[in-house]
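Trainee: Pasted the sequence and its predicted model underneath.
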Amino acid sequence: MKPLWTAQELAEATGGHVEGDFAVKGVAFDSREIEAGDLFIAMKGESDDGHRFVEGAYAAGAAGAIVSRPVAGPHVLVADTNAALDSIGRASRARSAAHIFGVTGSVGKTGTKEALFAALDRAAPGSAHRSLKSYNNHTGVPLSLARMPREARSGVFEMGMNHAGELAALTRLVRPHVAIVTAIAPAHRQFFASDEAIADAKGEIFQGLEPGGTAIIPYDSPHRDRLVAAARPHAARIWTFGHGEGADIRARDSVSAAERGTLVSASLPEAELTFTISQLGDHWVSNALAVIGAVHAVGGDLAAAGLALSDMAGLKGRGERHRIALDGGEALLIDESYNANPASMAATLKTLEREKGVVRRIAVLGAMRELGEQSAAFHAALAAPIEAARVDFALLVGEEMAALAKALGQKVKMTHVPDAASAIDALRNRLAPGDAILVKGSNSVGLAAVVEVLAGGKS
């Protein structure tokens, strides 16, 4: 197998100068992620300089480095290491013959990215590539491109933003053949005047579409027509997905599966597919429709996509499920701790309500961040979905949750605490067999620590 990059290819991509020949099998700009044979890019940030860690990267097994000043070890010397990362990403995209997919949205983009990767990998094992974790910003996207094997047959790239103009730059790096917008919701509302402005910013993803490319847009969204208008100048084909009668990729029927998950019968342009989604919730039906639409857009294997969706496990921080051993039985822990906004909170609470065989429903809900002036109203509005989910006990975490605590009043038994550490204390000796515990909040609230304690038995 050919190396991911040779020193000469890196020099050609970046305009740099080679000192000591080398070849690499991976790329990282965090020295803690370096494995034997990797390339280390000494990035410069606002508060730190990657050149401080070059020696440690070599010690960890780095085969070479991208640097802007000479170092003791094989390297490519460039004027600007940050710009070099973009250049390597562009070079990777330029040499690739893969089908490239771009995914964005206010909610569901990481889950959709992972599901699409699983579908593509199921059809051609080992030939699909995707961005890891949530590497979806101005450094994560070019890094994910730089890591794409030259032999890859497909590549799936998540793209995020919290300001207008960011996605336009990212999508021109990725140059997708298929661009998906999962959903529009008031995430990062602090930085936008309206939900319409968020839709406009998400619609920037279509600006990078390759000639002949396909735009995939949520039919049931109130911003559908706005997204279609954004896609029209750039897309050769626009497909919508959803439950509505006019959707191009439409869930004709969706019912609870016999074991767990949802059985979906879907219509697509010139195709039909019945499949099971292992994940619970209407939002996962929507994500799955976008996935099968994207696979169909490139002539992919729909049967393999359906099997992948059936087998897909929950993602850490985004639906991963744990069984907690307790005296006398077990409790179910649902880990949604990675992020939250009003739409994802409501959707996930609905799945909690649908859990079968539950004695008590416990919702550990962290504050939703970056909602701007309407933050209090957005938090208070969660009272209705909490009641609809038949939550027996709500543990509210973070000062922003004061508005929700007030809205709930005496309707639901609850406790309001300031932080994750206090939440852990509040849960001690409270759980019982048969409980279903949902943990969800913005990542900065730190509810992953609550999950770690409950799932791992740490104190």
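Mentor: Okay, I see it.
Trainee: Contacts only, for the spatially closest residue to Gly64 that is not a sequence neighbour.
Mentor: Of all residues not flanking Gly64 in the chain, Phe22 sits nearest, at 3.8 Å (C-beta to C-beta, 6 or more residues apart in numbering). Bear in mind the C-beta positions are built from the backbone N, C-alpha and C, glycine included. Phe22 makes contact with Thr6, Ala7, Ala63, Gly64, Pro74, according to C-beta atoms under 8 Å, 6 or more residues apart in numbering.
Trainee: Local confidence estimate at the closest residue to the last one other than its chain neighbours?
Mentor: If I follow you right, that is Pro74. For Pro74, the nearest residue in space outside its immediate sequence neighbours is Gly20; the separation is 3.4 Å by C-beta to C-beta, 6+ apart. Model confidence at Gly20, given as pLDDT, is 95.
Trainee: correct me, but Gly20 touches Ala65?
Mentor: No: the pair Gly20 and Ala65 does not pass the contact test of C-beta atoms under 8 Å, sitting 9.9 Å apart.
Trainee: List the residues that contact the most centrally placed residue in the chain.
Mentor: The structure's the chain has its C-alpha centroid closest to Thr110; by C-alpha atoms, centre = their mean the separation is 1.7 Å. Listed by C-beta under 8 Å, 6+ apart, the contact partners of Thr110 are Ser134, Asn136, Glu158, Leu315, Arg318, Tyr338.
Trainee: CA atoms of the one helix or strand it maps to as PDB?
Mentor: Here Thr110 is covered by helix 109-123, with elements defined by DSSP states H and E. Taking C-alpha atoms only, helix 109-123 is exported to PDB below (Å, rounded to 0.1, in the frame of the first residue of the first chain):
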ATOM      1  CA  LYS A 109     -24.900  16.300  11.300                       C
ATOM      2  CA  THR A 110     -22.500  14.000  13.300                       C
ATOM      3  CA  GLY A 111     -25.000  11.200  13.500                       C
ATOM      4  CA  THR A 112     -25.800  11.500   9.800                       C
ATOM      5  CA  LYS A 113     -22.100  11.600   8.900                       C
ATOM      6  CA  GLU A 114     -21.500   8.400  10.900                       C
ATOM      7  CA  ALA A 115     -24.500   6.700   9.400                       C
ATOM      8  CA  LEU A 116     -23.500   7.600   5.900                       C
ATOM      9  CA  PHE A 117     -20.000   6.400   6.500                       C
ATOM     10  CA  ALA A 118     -21.400   3.100   7.800                       C
ATOM     11  CA  ALA A 119     -23.600   2.700   4.800                       C
ATOM     12  CA  LEU A 120     -20.800   3.400   2.300                       C
ATOM     13  CA  ASP A 121     -18.300   1.100   4.300                       C
ATOM     14  CA  ARG A 122     -20.900  -1.700   4.400                       C
ATOM     15  CA  ALA A 123     -21.000  -1.700   0.600                       C
END
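Trainee: Need the contact partners of stretch 55-66.
Mentor: Contacts made with stretch 55-66 from outside it, assessed by C-beta under 8 Å, 6+ apart, are listed as 7, 10, 14, 16, 20, 22-25, 31, 34-42, 54, 71-76, 78, 81, 84-85, 88.
Trainee: which of the residues you listed are buried?
Mentor: Burial by neighbour count, judged by 16 or more other C-beta atoms under 10 Å, picks out 7, 10, 14, 16, 22-25, 31, 34, 37-42, 54, 71, 73-76, 78, 81, 84-85, 88 from those.
Trainee: if we can go back for a sec, out of the contacts of Thr110, which two are the most distant from each other?
Mentor: When the contacts of Thr110 are compared pair by pair using C-beta to C-beta, the two farthest from each other are Asn136 and Leu315, 14.3 Å apart.
Trainee: more crowded one of those two?
Mentor: Neighbours per residue, other C-beta atoms under 10 Å: of Asn136 and Leu315, the larger number sits with Asn136, 23 against 17.
Trainee: what's around the residue lying closest to that one once chain neighbours are set aside, how many residues?
Mentor: Spatially, and ignoring its direct neighbours in sequence, Asn136 is nearest to Gly160 (3.8 Å; C-beta to C-beta, 6+ apart). A count of neighbours around Gly160, defined by other C-beta under 10 Å, yields 23.
Trainee: One more: Ala230?
Mentor: By other C-beta under 10 Å, neighbour count at Ala230 equals 23.
Trainee: how far away is Ala84 from Gly15?
Mentor: Distance of Ala84 to Gly15, given as C-beta to C-beta, to the nearest Å: 8 Å.
Trainee: Between those two, which contacts overlap?
Mentor: Overlap between the neighbourhoods of Ala84 and Gly15 consists of Val78, taking contacts as C-beta under 8 Å, 6+ apart.
Trainee: re the thing from before, residues touching the residue nearest to Pro74, list them.
Mentor: Ala7, Gly64, Gly73, Pro74, His75.
Trainee: any idea how far Ile66 is from it?
Mentor: 13 Å.
Trainee: One more: Glu12?
Mentor: Between Glu12 and Ile66 the distance, using C-beta to C-beta, works out to 13 Å.
Trainee: Which of these two has more residues huddled nearby?
Mentor: Residue environment comparison for Glu12 versus Ile66 gives the larger neighbour count to Ile66, 29 against 14, counting by other C-beta under 10 Å.
Trainee: which ones are touching the closest residue to Gly300 other than its chain neighbours?
Mentor: Computed as C-beta to C-beta, 6+ apart, the closest residue to Gly300 that is not its neighbour in sequence is Ala123, at 6.0 Å. Residues in contact with Ala123, defined by C-beta under 8 Å, 6+ apart, are Val295, Gly300, Asp301, Ala304, Ala305.
Trainee: cutoff 10 Å now
Mentor: Residues in contact with Ala123, defined by C-beta atoms under 10 Å, 6 or more residues apart in numbering, are Arg153, Ser154, Val295, Gly300, Asp301, Leu302, Ala303, Ala304, Ala305, Leu307, Ala308.
Trainee: can I have the one helix or strand the third one maps to written out in CSV, keeping just the CAs?
Mentor: It refers to Val295. Element membership for Val295 (DSSP H and E) is helix 282-297. Output for helix 282-297, consisting of C-alpha atoms alone and laid out as CSV, is shown next (Å, rounded to 0.1, in the frame of the first residue of the first chain):
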residue,chain,number,x,y,z
ASP,A,282,-38.3,10.7,14.6
HIS,A,283,-35.0,12.6,14.1
TRP,A,284,-33.2,9.4,13.3
VAL,A,285,-35.9,8.6,10.6
SER,A,286,-35.1,12.0,9.1
ASN,A,287,-31.3,11.4,9.3
ALA,A,288,-31.7,7.9,7.7
LEU,A,289,-33.7,9.4,4.8
ALA,A,290,-30.9,11.8,4.1
VAL,A,291,-28.4,9.0,4.2
ILE,A,292,-30.2,6.7,1.8
GLY,A,293,-30.8,9.7,-0.5
ALA,A,294,-27.1,10.5,-0.6
VAL,A,295,-26.2,6.8,-1.3
HIS,A,296,-28.8,6.8,-4.1
ALA,A,297,-27.5,10.0,-5.5
